[in-house]
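In: Okay, predicted coordinates and the sequence, questions at the end:
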Amino acid sequence: MSKINIETRIQAPIELVWTCWTSPEHIVNWNHASDDWHTTKAENDLRVGGKFLSRMEAKDGSFGFDFEGIYDRVEQHAHIAYHLEDARTIEVDFIEYGGMTVVRELADPETENPLEMQVAGWQAILNNFAAYVLKQK
């Protein structure tokens, strides 16, 4: 099965990008695919074996779910790898390049929704992240 493979380029230093990606007080501000969703809670124990959790909910209260996993690898300002409860794996690379930071994600898809839909959702969240980081400069 194909993987979800997305990226964004952000005109911001890698330290700021890393902080916005990993700090719960930032995660709750960008972690949604559309404006009718939000993240109401985020927890992050950023270390190998540490857990993270983001509570994502529709703003109208019609649906919500926890997105949670365990870290398998953490290299500050460079790489994060984790797995979800259903054994899917996700890797995130942070690359400094010419005054910008590239964030690249490679993820195992779930089996309920078409791959194209999942790619679009993951990319929308990553685009929200990039826009949020730029506001923090």
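Out: Right, received. Where do you want to start? This is a predicted model, so every value here is computed, not measured.
In: rest of the way, CA atoms for contacts and neighbours
Out: OK.
In: Quick check: phi and psi on the closest residue to residue 3 other than its chain neighbours?
Out: Nearest-residue entry for residue 3: residue 108, 5.1 Å, with adjacent residues in sequence omitted and distances by Cα to Cα, 6 or more residues apart in numbering. For residue 108, the backbone dihedrals are phi -70, psi 130 (criterion: degrees, to the nearest 10).
In: Residue 90 is in contact with residue 108, correct?
Out: Yes: with contacts defined as Cα atoms under 8 Å, residue 108 counts as touching residue 90 at a distance of 6.4 Å.
In: Tell me which residues are up against the longest strand along the chain.
Out: Counting by DSSP state E, the longest strand found in the chain is strand 64-75. Contact partners of strand 64-75, identified using Cα atoms under 8 Å, 6 or more residues apart in numbering, comprise 46-58, 79-85.
In: Type out the PyMOL command that picks the buried ones from the residues you listed.
Out: To isolate in PyMOL the members of the contacts of strand 64-75 that are buried, counting by 16 or more other Cα atoms under 10 Å, one can use:
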select buried, resi 46+47+51+52+53+54+55+56+57+58+79+80+81+82+83+84
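In: which regions of the protein lie under the pLDDT threshold?
Out: Along the chain, the parts satisfying pLDDT under 70 run over 1.
In: Please enumerate the strands of the protein.
Out: All strands of the chain, identified by DSSP E, fall at 4-10, 37-44, 51-58, 64-75, 79-84, 89-97, 100-107.
In: Quick one: these as CSV, columns for distance to residue 136 too.
Out: Conversion of the strands of the chain to CSV gives the following (distance: least, Cα to Cα, whole Å):
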stretch, distance to residue 136
strand 4-10, 12
strand 37-44, 18
strand 51-58, 21
strand 64-75, 23
strand 79-84, 22
strand 89-97, 18
strand 100-107, 14
